[in-house]
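[1] predicted structure and sequence below. I'll ask about it afterward.
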Amino acid sequence: MSIPSNYIEYSFSISPLKPASEILVAQLDERGFESFIETVDGLLAYIPKSDWSTDILDNIQVLKSKEFAIKASWKEIETQNWNAIWERDFKPIYVSDQCMVRASFHESVDVRYDIVIDPKMSFGTGHHETTYMMIDLLLEMDLENKSVLDMGCGTAVLAILAELKGAKDVLAIDIDHWSYRNATENCLTNSCERITILEGDVGLIRDRSFDIIIANINRNVLMQDIPAYSRCLNPGGTLLLSGFYEKDSAMIEEICTANMLKPLKKIERHEWISLKFLN
């Protein structure tokens, strides 16, 4: 898989900011935008130049809404500038006073789980809410000697937390080459020894089984792949899902129920949803 050379950065000024920014993120995500950064008065959004066209915003409905005033401008940015952007905007994440997710340029604090993530291109602040919730769910679970799948692993932050919490083996998979490389680097940074990272899709889990499956992806991929997760989940195993909004949760729950998965918990953070199921 080739590495994209350039990205297109859109800068949006939004008034009022909420809920327009959340709606805009959801609609841009459906058009192929990969990463988002909240700003004081709006949003930065990024899409690979190879997936971009000058009319890409034409069907973004929220931009036409009379309820919000949204202005947009765009520019091309080179790949080598991306890390500087993240170093400027990436902030540490603290979850339940137990876990800190930080970049290497942040100082460490005294927490039980200190995870160092240098985000690069595979990390999107638009997914901070879902990452936060998935970390929160993992923190309350017993992972000791469990086999874990982190599907759509991105930076591998959830896989790393799973190892820190005692998982006996963790398989982390992402279809994106940048994510694969970044996950590999982050696992080395955190001295992980029980994580295997693969580049590919759900086909890689065929003939495997897991005690815990984590999938923080997006609605469409989840709806397609839930049957595969169900088949690979050990009896009594747990499935954690996130990456979608409240309006999509009913569809996700319906597919899970059809695949004999029992709902256990639902949490919401700024309109993003995480669901927990038992096999």
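    Perfect, thanks for sending it. Numbering: from 1, shown residues only.

[2] which residue is the nearest non-sequential neighbour of D51?
    Using Cβ to Cβ, 6 or more residues apart in numbering and skipping the chain neighbours, the partner closest in space to D51 is G32 (4.6 Å). The C-beta positions use only the backbone N, C-alpha and C, and glycine is treated the same way.

[3] hang on, isn't the one you found packed against I47?
    Yes: between G32 and I47 there is a contact under Cβ atoms under 8 Å: 5.7 Å.

[4] could you give the number of residues near L240?
    23 (other Cβ atoms under 10 Å).

[5] and the next helix or strand past the helix or strand encompassing it?
    Per DSSP states H and E: L240 is located in strand 233-245. Downstream of strand 233-245, the first helix or strand assigned by DSSP H and E is helix 246-258.

[6] sorry, back to before: tell me the pLDDT at the residue nearest to D51?
    Note for G32: predicted pLDDT of 86.

[7] ok, now I117?
    Looking at I117, its pLDDT stands at 85.

[8] circling back to that earlier point, tell me, how many neighbours does the residue nearest to D51 end up with?
    Neighbours of G32 under the rule other Cβ under 10 Å: 12.

[9] same question, A69
    11.

[10] have a look at this protein and report the helix or strand with the lowest mean pLDDT.
    In the chain, no helix or strand scores lower on mean pLDDT, DSSP states H and E than helix 82-89, which sits at a mean of 62.

[11] secondary structure class for F33?
    Secondary structure assignment for F33 (DSSP: H, G, I helix; E, B strand; the rest coil): coil.

[12] got a list of what it touches?
    Each residue near F33 by Cβ atoms under 8 Å, 6 or more residues apart in numbering is listed here: Y10, A45, Y46, I47.

[13] 10 Å instead?
    7-8, 10, 24-25, 27, 45-48, 51-52, 56, 60, 124, 126 (Cβ atoms under 10 Å, 6 or more residues apart in numbering).

[14] just the residues you listed now: which is nearest L143?
    The closest of those to L143 turns out to be G124 (Cβ to Cβ; 25.2 Å).

[15] for stretch 252-267, buried residues please.
    Buried residues in stretch 252-267, counted by 16 or more other Cβ atoms under 10 Å: I252, E253, I255, C256, N259, L261.

[16] list the contacts of the first one.
    For I252, the contact set (Cβ under 10 Å, 6+ apart) comprises R219, L222, M223, I226, L241, S242, G243, F244, P263, I273, L275, F277.

[17] per-residue pLDDT of it, please?
    If you check I252, the pLDDT there is 96.
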